[in-house]
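Novice: show me the folded form of this:
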Amino acid sequence: MSDAPDTNMSIDPASLFSLAGKVALVTGGSRGVGRMIAAGLIAAGARVVIASRDREACEAAAAELSAAGECTALEADLSTAGGCDALARELGGREVRLHILVNNSGATWGEALERFPEHGFDKVLDLNVKAVFFLTRELVPTLERAAGPGDPARVLNIGSMHGLAVPRLMNYSYAASKAAVHHLTRVLAVELGPRGIAVNAIALGPVASRMTRQLLEEHGREIERTCPLGRIGAPADVAGAAVFLASRAAAWINGVVLPVDGGLSLV
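Specialist: Residues are numbered from 1 along each chain as shown. Below you'll find the predicted structure:
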């Protein structure tokens, strides 16, 4: 087959995990988990575009990340299908090929069962689920052009351990949205794999970020005691998983939801 990998290639760890020459888009890349992933991809050699609703914060983050490699910023509101289309068109005007798409933008909503509002579901599902679908769909042609023999383009969706197991602290729309992201990942993997695009997800556990600040302030010690590996996630844990799934080392991995949570989803 013309797109088969070179079975005679030597196994060189440096080249297996290198992202040199690759172009990546990380949504929600100006802070938190998105910034951790962007930093990891840059360190592995990728040229990274980060997208965020906050133009000034995104440009400031890109300037700081550029100290380690090439990083540019794009303003984008992914809460609507039109916003996803606008970002895809803007990126397409700059890049002919996109090797790595990281769907990281997300929202959460905390409220008691009796008071949980409809718009608390709408906001979270729009950004956490619908944006993953619509942005990926609009970028399929750009991703297809980046696929190489034995090295597909990659879509990496950021899910959550709360989409794998019932959370101890209920977060209704967030947990439901991440379970949806995990299954959407599998559906897209089957649909896009034949087109040279591998789709995987990271089911992330608690990592220090603005979104998790209150959770960790109130329950951080309990989480550490519960976690089989005894700690909260670190930036290197997030970046390492993303670099792996984006690299040649994961070229035959498709439709996988990888827990990166220290084993918390098991207990």
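Novice: from now on I want contacts and neighbour counts done on CA atoms only, so please keep to that.
Specialist: Fine.
Novice: let me know the helix or strand that the nearest residue to Arg231 once chain neighbours are set aside is in.
Specialist: With sequence-adjacent residues excluded and distances taken as C-alpha to C-alpha, 6 or more residues apart in numbering, Arg231 is closest to Glu224, at 4.6 Å. According to DSSP states H and E, Glu224 maps onto helix 213-226.
Novice: cool, Met36 as well?
Specialist: Using DSSP H and E, Met36 maps to helix 32-43.
Novice: got the buried residues for that helix?
Specialist: Across helix 32-43, burial judged by 16 or more other C-alpha atoms under 10 Å covers 32-43.
Novice: equivalent analysis for stretch 84-96, please.
Specialist: 84-88, 91-92.
Novice: what's next to that stretch, contact-wise?
Specialist: 74-78, 131, 134-135, 138-139, 142, 145 (C-alpha atoms under 8 Å, 6 or more residues apart in numbering).
Novice: at 7 Å what do you get?
Specialist: For stretch 84-96, the surrounding residues in contact (C-alpha atoms under 7 Å, 6 or more residues apart in numbering) are 76, 78, 131, 134-135, 138-139, 142.
Novice: and if you look at stretch 43-53?
Specialist: Stretch 43-53 is contacted from outside by 18-30, 38, 42, 58, 68, 70-77, using C-alpha under 7 Å, 6+ apart.
Novice: mind checking the longest helix of the chain?
Specialist: The longest helix of the chain (DSSP state H) is helix 172-192.
Novice: other SSEs contacting that one?
Specialist: helix 118-125, strand 153-160, strand 197-204 (3 or more C-alpha pairs under 7 Å, 6 or more residues apart in numbering; DSSP states H and E).
Novice: just checking, next helix/strand downstream of the helix holding Met36?
Specialist: strand 47-52.
Novice: now do that following strand, average pLDDT.
Specialist: Strand 47-52 shows a mean pLDDT of 98 in the predicted model.
Novice: can you give me the angle the next helix or strand after that strand makes with strand 47-52?
Specialist: Downstream of strand 47-52, the first helix or strand assigned by DSSP H and E is helix 55-65. Angle, helix 55-65 to strand 47-52, by axes from the mean of the first three to the mean of the last three C-alpha atoms, to 10 degrees: 150 degrees.
Novice: packing partners of helix 55-65?
Specialist: Using 3+ C-alpha pairs under 7 Å, 6+ apart: helix 55-65 touches strand 71-75.
Novice: what's around Asn200, how many residues?
Specialist: As a burial measure, Asn200 scores 28 neighbours (other C-alpha atoms under 10 Å).
Novice: which ones are touching it?
Specialist: Contacts for Asn200 (C-alpha under 7 Å, 6+ apart) come out as 155-157, 185, 254-257.
Novice: columns distance to Ala234 and neighbour count on top of those residues, output as TSV?
Specialist: Output for these, formatted as TSV (distance: C-alpha to C-alpha, whole Å; neighbours: other C-alpha atoms under 10 Å):
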residue	distance to Ala234	neighbour count
Val155	22	30
Leu156	19	25
Asn157	19	27
Thr185	24	27
Asn254	25	23
Gly255	25	20
Val256	22	19
Val257	19	24
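Novice: closest to Val199 among those residues?
Specialist: Val155 (4.7 Å; C-alpha to C-alpha).
Novice: list the residues that contact that closest one.
Specialist: For Val155, the contacting residues are 100-102, 198-200, by C-alpha under 7 Å, 6+ apart.
Novice: so how far is Glu64 from it?
Specialist: 25 Å (C-alpha to C-alpha, to the nearest Å).
Novice: which stretches of the stretch 1-150 of the chain have low pLDDT?
Specialist: Applying pLDDT under 70 to the stretch 1-150 of the chain picks out residues 1-9.
Novice: ok, now with 80
Specialist: For the stretch 1-150 of the chain, the stretches with pLDDT under 80 are 1-10.
Novice: ok so, going back, ok, which of the helices and strands packed on helix 172-192 comes nearest Gly240?
Specialist: strand 197-204 (11.2 Å).
Novice: what's the angle between that closest one and strand 153-160?
Specialist: Here strand 197-204 points in a direction 20 degrees away from that of strand 153-160 (the same axes, to 10 degrees).
Novice: for strand 197-204, list the C-alpha coordinates in PDB.
Specialist: Extracted in PDB, the C-alpha atoms of strand 197-204 (Å, rounded to 0.1, in the frame of the first residue of the first chain):
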ATOM      1  CA  ILE A 197      -6.400  11.400  10.500                       C
ATOM      2  CA  ALA A 198      -6.100   9.600  13.800                       C
ATOM      3  CA  VAL A 199      -8.400  10.800  16.600                       C
ATOM      4  CA  ASN A 200      -7.600  10.200  20.300                       C
ATOM      5  CA  ALA A 201      -8.400  11.700  23.700                       C
ATOM      6  CA  ILE A 202      -6.800  12.300  27.000                       C
ATOM      7  CA  ALA A 203      -9.000  11.700  30.000                       C
ATOM      8  CA  LEU A 204      -7.300  14.100  32.300                       C
END
